[in-house]
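In: Model the following, please.
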Amino acid sequence: MAGAPSCSVIVVGGGISGLVAARSLVVEHGVPAEQVTLLEASERVGGVLHRREIAGNPVDVGAESVLTTRPEATALLAELGLDGELRRPTGVPASVWTRGALHPVPRGTLMGIPGDPSGLAGLLTPAEVERADDRGREHTPVTGDLSLGELVEERLGAAVVDRLLEPLLGGVYAGQARRLSARACLPRVHEAASAGASLTATVAELTAGTGGTQASPRAATDGAPRPAPPFASLPGGLARLPEEIAEDLARRGVDLRLGVPAEALEQTAGGWVVTTGAGERLEAERVVVALPAPAAARLLALASPAAAEQLAGIETASMAVVTWAYETAALPALERSGFLVPPVDGRAIKAATFTAAKWGPVGDGTASYLRASLGRAGDAAVLDHGDDELAALALADVREAVALLEGAPSLPEPVATHVQRWDDALPQYAVGHVERIAAVRAAVAGLPGLELAGSAYDGVGIPACIGTARAAAAALVAGGTMAP
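Out: Purely as a prediction, here's the structure:
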């Protein structure tokens, strides 16, 4: 490519952020592929995008879907030629398991904040439903950041936080509503609250035409068509995405080094030196650090103590995903795609997915899968159990919930069980997170040739990670930084 920059770059981290950063450097910015090295500590790429063979089929044991209402992921899938393979959920609705029953996830909610409180009937008491509508009330504009739980409880009542906000946030952040930042997690809601606007009216406006979080395309009870779900996956699992990127990078000539942890990062007169776990010193003009917050903090300890201190202060959540395989012929019909569980109900699990109901048949359809997730920030004691006991606890909860479905079906014994643990997998966007990340970026702003990417910064979802990766690559080639 004429005028292509010639520089050596090391990308540290082989999750979706590091892979996209490396690809962006080569494909979008013309950095010669042979000048790009990607280091990954584990023996595979993908981070929390991971699949395992269970009962003869590859099955996601980490993230299973990607948000398609943002352009970053859909654009990447199109670039890789995967957009034509996208699988959408079937439209079978999800539920909230609380107060001894399975209640449909209400339409028109944003992370559990209702735009139409009338849809909460049954899930909440009549008094709680009335409390959940803040239209027509005067609201003092909020100043500064505060937790989502604090904001929603003050405006809409504790029941909305406990029965809706908590389970939905638990699925995305594995966090606690009363500790997560409103400004970082739902910036448009925080902006509206800062202007003294109604949360109910704001969410109604934001979810108009989409159905909101967990929307289903099936017809509503009033006959109105539901919009298409805002999520998608891939045949064979969403973990195909990082695998496809890695294969693309290898074909182009990028040096992918798996099983090579980066232990230290030092600035030199000519750029940077990365020291690997084996003691090898790798020189590069520029570096992208695309690691989870704890690992990034350790790596930046010498190069930027201030940034390292801020990153080390980001709490993380650990979780586990238990997957069961069943003979499809022996599995009863499940008319829900799964359910969410509020922590206030005291269950071991926080969510469950009935894969066949949600996504349709897997492989040749002879095996069907259920999965459950456990663990959240500040409440990880359940993860102290061994794998067998953890799976048994989770299955007991799932069996109890399934028995509440029409006809009181019972689950047969699974033919296979897999437990996948994710330690320190999800950063917690606590109150003050936006200011913390601004401090991180300010600290690295004076370090030319160093950029950061990943889930710790601008969002934990795949599209947000892709966005930080592409921004880091662009800034690196331009010689700037991501500091505001």
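
In: ok, which stretches of the stretch 301-450 of the chain are helices?
Out: Secondary structure of the stretch 301-450 of the chain, counting by DSSP state H, counting those that start in this stretch: helices at 305-312, 355-359, 387-402, 433-444.

In: got the buried residues for the third one?
Out: Burial within helix 387-402, assessed by neighbour count using 16 or more other C-beta atoms under 10 Å, is assigned to 390-391, 393-395, 397-398, 401-402. All C-beta atoms are positioned from the backbone trio N, CA, C, and that covers glycine.

In: what's it in contact with?
Out: By C-beta atoms under 8 Å, 6 or more residues apart in numbering, the surrounding residues in contact with helix 387-402 are 97, 102, 320, 322, 324, 332, 334, 339, 341, 347-349, 352, 370, 372, 374, 382-383, 385, 409-411, 414, 417, 419.

In: From start to finish, how long is stretch 83-91 in a straight line?
Out: In stretch 83-91, first residue to last residue: 20 Å (C-alpha to C-alpha, to the nearest Å).

In: In it, which residues are buried?
Out: Quick answer for stretch 83-91 (16+ other C-beta under 10 Å): 86-91.

In: Please give the centre-to-centre distance between stretch 354-369 and its chain.
Out: For stretch 354-369, the gap between its own C-alpha mean and the chain's C-alpha mean amounts to 22 Å (C-alpha atoms, centre = their mean, to the nearest Å).

In: what's next to that stretch, contact-wise?
Out: With contact meaning C-beta under 8 Å, 6+ apart, stretch 354-369 is reached by 54-57, 59, 87, 89-90, 92, 94, 233, 323-329, 331, 334-338, 370-371, 415.

In: Drop anything exposed from these.
Out: 54-55, 57, 59, 87, 89-90, 92, 94, 233, 323-326, 331, 334, 336-338, 370-371.

In: mind listing the strands for the stretch 301-450 of the chain?
Out: In the stretch 301-450 of the chain, the segments counted as strands under DSSP state E, counting those that start in this stretch are 316-327, 338-340, 351-354, 367-374, 416-427, 450-452.

In: Against which helices or strands is the following helix or strand past the last one packed?
Out: Toward the C-terminus, strand 450-452 is succeeded by helix 462-478 as the next helix or strand (DSSP states H and E). In this structure, helix 462-478 makes packing contacts with helix 16-23, strand 66-67, helix 71-79, strand 286-289, strand 450-452, judged by 3 or more C-beta pairs under 8 Å, 6 or more residues apart in numbering; DSSP states H and E.

In: Now do the third one: which elements does it pack against?
Out: Using 3+ C-beta pairs under 8 Å, 6+ apart as the contact criterion, the elements in contact with helix 71-79 are helix 240-252, helix 462-478.

In: Quick one: mean pLDDT for stretch 150-158?
Out: Mean per-residue pLDDT for stretch 150-158: 98.

In: So what's the residue count around G47?
Out: Around G47 there are 27 other residues, counting by other C-beta atoms under 10 Å.

In: what about it, distance to Q310?
Out: 21 Å (C-beta to C-beta, to the nearest Å).

In: Tell me which of the strands of the stretch 301-450 of the chain sits most buried.
Out: Highest mean neighbour count of the strands of the stretch 301-450 of the chain: strand 450-452, a mean of 28 (counted as mean count of other C-beta atoms under 10 Å).

In: So what touches that strand?
Out: For strand 450-452, the external contacting residues (C-beta under 8 Å, 6+ apart) are 21, 267, 272, 286-290, 296, 303-304, 307, 440-441, 444, 468, 472-473, 475-476, 481-482.

In: Could you rerun that using 6 Å?
Out: With C-beta atoms under 6 Å, 6 or more residues apart in numbering as the test, strand 450-452 has contacts from 287-289, 444, 472, 475-476, 482.

In: Which one (most neighbours) among those?
Out: Counting by other C-beta under 10 Å, top hit in those: V288 with 31 neighbours.

In: in terms of contact, does that residue touch V11 like I think?
Out: Yes - judged on C-beta atoms under 6 Å, V288 makes contact with V11 at a distance of 4.6 Å.

In: Between those two, which contacts overlap?
Out: The contact lists of V288 and V11 share A21, where a contact means C-beta under 6 Å, 6+ apart.

In: returning to what we had before: go through the helices of the stretch 301-450 of the chain and find the least confident stretch.
Out: Comparing mean pLDDT across the helices of the stretch 301-450 of the chain, the weakest is helix 355-359, with a mean of 95.

In: List the buried residues of that helix.
Out: Residues of helix 355-359 classed as buried: 355-359 (neighbour count, 16+ other C-beta under 10 Å).

In: Quick check: the gap between the spatially closest residue to P332 that is not a sequence neighbour and L331.
Out: Residue nearest to P332 in three dimensions, not counting chain neighbours: P409, with 3.6 Å by C-beta to C-beta, 6 or more residues apart in numbering. In this view, P409 and L331 are 9 Å apart by C-beta to C-beta.

In: go on, R99?
Out: R99 is 27 Å from L331, where distance means C-beta to C-beta.

In: can you check L148 too?
Out: Taking C-beta to C-beta, one finds L148 at 37 Å from L331.

In: And for A372?
Out: 15 Å.

In: what do you get for A301?
Out: Taking C-beta to C-beta, one finds A301 at 51 Å from L331.

In: quick revisit: turn the helices of the stretch 301-450 of the chain into JSON lines, columns for distance to A78.
Out: Output for the helices of the stretch 301-450 of the chain, formatted as JSON lines (distance: least, C-beta to C-beta, whole Å):
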{"stretch": "helix 305-312", "distance to A78": "33"}
{"stretch": "helix 355-359", "distance to A78": "21"}
{"stretch": "helix 387-402", "distance to A78": "37"}
{"stretch": "helix 433-444", "distance to A78": "29"}
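
In: right, and the ones you listed - which one's nearest G144?
Out: Ranking the helices of the stretch 301-450 of the chain by their distance to G144 (criterion: C-beta to C-beta) puts helix 433-444 first, at 9.5 Å.

In: Return the list of helices and strands in contact with that closest one.
Out: Judged by 3 or more C-beta pairs under 6 Å, 6 or more residues apart in numbering; DSSP states H and E, helix 433-444 is in contact with helix 182-185, helix 305-312.

In: which one of those helices is the most hemmed in?
Out: Scoring these by mean count of other C-beta under 10 Å, the most buried comes out as helix 182-185, with a mean of 24.

In: now for that helix, which elements pack on it?
Out: Packing partners of helix 182-185 (3+ C-beta pairs under 6 Å, 6+ apart): helix 148-156, helix 433-444.

In: Which segments of the protein make up each domain?
Out: Following automatic domain parsing, the chain resolves into domains at 9-50+239-314+429-478, 51-69+86-103+225-238+316-427, 106-213.

In: Do me a favour and average the pLDDT over stretch 55-71.
Out: 96.

In: buried ones in that stretch?
Out: For stretch 55-71, by 16+ other C-beta under 10 Å, it's 55, 57-68, 70.

In: Span of that stretch from start to end?
Out: From its first residue to its last, stretch 55-71 covers 35 Å (C-alpha to C-alpha).

In: Fine by me, thanks again.
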